[in-house]
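Engineer: coordinates only, no sequence provided:
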């Protein structure tokens with residue numbers, strides 16, 4: 001939430017978590033992900049986030 005509100009104002013500070021393409025209303029989710037994946041750094045961030053969320057889900061399921 002913080003990156004969405006402050007990202008446009010401070011793009012250099014939020015460059016790793018703010019992507020303006022995700023806020024474009026005319027793009028579908030598939031098009032947003034495709035546009036994001038064409039950037040090598042963003043593609044790596046997407047894979048990293050998915051892996052971290054998967055690990056967090058496994059840890060949460062095993063603890064709870």
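Structural biologist: Ah, there it is. Only a predicted model underlies this, so the values are computations on that prediction, with no experimental measurement involved.
Engineer: for the longest helix along the chain, packing partners?
Structural biologist: Counting by DSSP state H, the longest helix found in the chain is helix 40-63. Packing contacts for helix 40-63, counted by 3 or more CB pairs under 8 Å, 6 or more residues apart in numbering; DSSP states H and E, involve helix 29-37. From N, CA and C alone the C-beta is placed, and that goes for glycine too.
Engineer: give me the low-pLDDT residue ranges for the protein?
Structural biologist: For the chain, residues meeting the criterion pLDDT under 70 lie at 1-24.
Engineer: what inclination does the longest helix of the chain have with respect to helix 29-37?
Structural biologist: Per axes from the mean of the first three to the mean of the last three CA atoms, to 10 degrees, the angle that helix 40-63 makes with helix 29-37 is 120 degrees.
Engineer: buried sites along helix 40-63?
Structural biologist: The neighbour-count check on helix 40-63 (16 or more other CB atoms under 10 Å) flags residue 42 as buried.
Engineer: how about the contacts made by residue 58?
Structural biologist: Neighbouring residues of residue 58 by CB atoms under 8 Å, 6 or more residues apart in numbering: there are none.
Engineer: ok, now how distant is it from residue 33?
Structural biologist: Per CB to CB, to the nearest Å, residue 58 is found 23 Å from residue 33.
Engineer: how about residue 57, what does it touch?
Structural biologist: With CB under 8 Å, 6+ apart as the criterion, no residue contacts residue 57.
Engineer: report the separation between it and residue 32.
Structural biologist: Distance of residue 57 to residue 32, given as CB to CB: 22 Å.
Engineer: cool, residue 40 as well?
Structural biologist: Between residue 40 and residue 32 the computed distance is 17 Å (CB to CB).
Engineer: go on, residue 25?
Structural biologist: With CB to CB as the criterion, residue 25 and residue 32 are 10 Å apart.
Engineer: what's the answer for residue 63, then?
Structural biologist: 33 Å.
Engineer: what of residue 44?
Structural biologist: The value you get for residue 44 to residue 32, if CB to CB is used, is 17 Å.
Engineer: one more: residue 56?
Structural biologist: 23 Å.
Engineer: let me see the contact set for residue 51.
Structural biologist: Neighbour list for residue 51: empty [criterion: CB under 8 Å, 6+ apart].
Engineer: fine, thanks again, bye for now.
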